[in-house]
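> let me see the structure of the following:
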Amino acid sequence: MLRPAATLLSLVVILMLLPAWERAGADGCERVVRVYDGDTLLLAEAGGRRRLVRLVGIDAPETSKTKGEAGQPFSVRARRHLTDRILERCVQLDAHGDDRYGRLLAVIHLEGTNINLEMVRLGLAEHYGGRTPEGFDRHPYRKAESEARRNARGMWVQGKHYRSPLDWKHRR
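Residues are numbered from 1 along each chain as shown. Next up, the predicted model:
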């Protein structure tokens, strides 16, 4: 039988040998294992669980849902940016509960940067105009969108031809 000190030492050694991504969640961060589009991703949580996350406060251009059908303009660029920025990275979450589809609504932070807000600032997402969780502050997102529109960043270069993701989805 191992003594408590030897057991503790064995546990420390095992944890040191595990790659950091296998310990996701143990230190307040979660590892992004897949990016579906500009506002939806999959996290690896502690214990091997997976969790679908919807970036709260934003709506990114819609990707194609069927083979052979084109996605919304800038949908590939939005997904690519988010993928390049956070895939296989350890992120922090500011969770705001679940949406009606069971996805976790969250603000994603990477090294102190609010990724949701970054997507809007770059013109790769608009602020979400629907209902948001109680206590969620929309103001910075509206302000970032207004600035991105004014400077024709990202999807706002389309000008009068721009269609919101919600409108684009309904027309399909």
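
> so what sits opposite the residue most central in space within the chain in the bridge?
Compute the mean C-alpha point of the chain, and by Cα atoms, centre = their mean the closest residue is L55, 4.6 Å away. For L55, the beta-bridge partners under DSSP bridges are A106.

> R31 should be in a strand, yeah?
Yes. Counting by DSSP: H, G, I helix; E, B strand; the rest coil, one finds R31 located in a strand.

> that one bridge partners, please.
Counting by DSSP bridges, R31 forms beta bridges with A44, C90.

> just to be sure, E145 is in a helix?
Yes. Counting by three-state DSSP, E145 is located in a helix.

> now do it against G97, distance only.
Applying Cβ to Cβ, to the nearest Å, the value for E145 to G97 is 23 Å. In this view, the C-beta of every residue, glycine as well, is placed from N, C-alpha and C.

> surely the residue nearest to the centre of the chain touches V107?
Yes. At 7.3 Å, L55 and V107 qualify as touching, with contact defined as Cβ atoms under 8 Å.

> mutual contacts of the two, please.
Contact criterion Cβ atoms under 8 Å, 6 or more residues apart in numbering; residues shared by L55 and V107: I115, N116.

> returning to what we had before: ok, E145 and G97, which is more surrounded?
E145 (22 against 12; other Cβ atoms under 10 Å).

> wait, that one sits on Y128?
No. Using Cβ under 8 Å, E145 is not in contact with Y128, being 10.0 Å away.

> show residues contacting stretch 104-112.
41, 51-57, 85-86, 89, 91-99, 114-117, 133.

> which of those residues fall in helices?
R85, I86, I115, N116, L117 (DSSP state H).

> which one is the fourth one nearest to, not counting chain neighbours?
Using Cβ to Cβ, 6 or more residues apart in numbering and skipping the chain neighbours, the partner closest in space to N116 is L55 (4.6 Å).

> so what's the residue count around the residue lying closest to V107 once chain neighbours are set aside?
Using Cβ to Cβ, 6+ apart and skipping the chain neighbours, the partner closest in space to V107 is D94 (4.0 Å). By other Cβ under 10 Å, the residues close to D94 number 13.

> what pLDDT does D94 get?
Turning to D94, the model gives it a pLDDT of 95.
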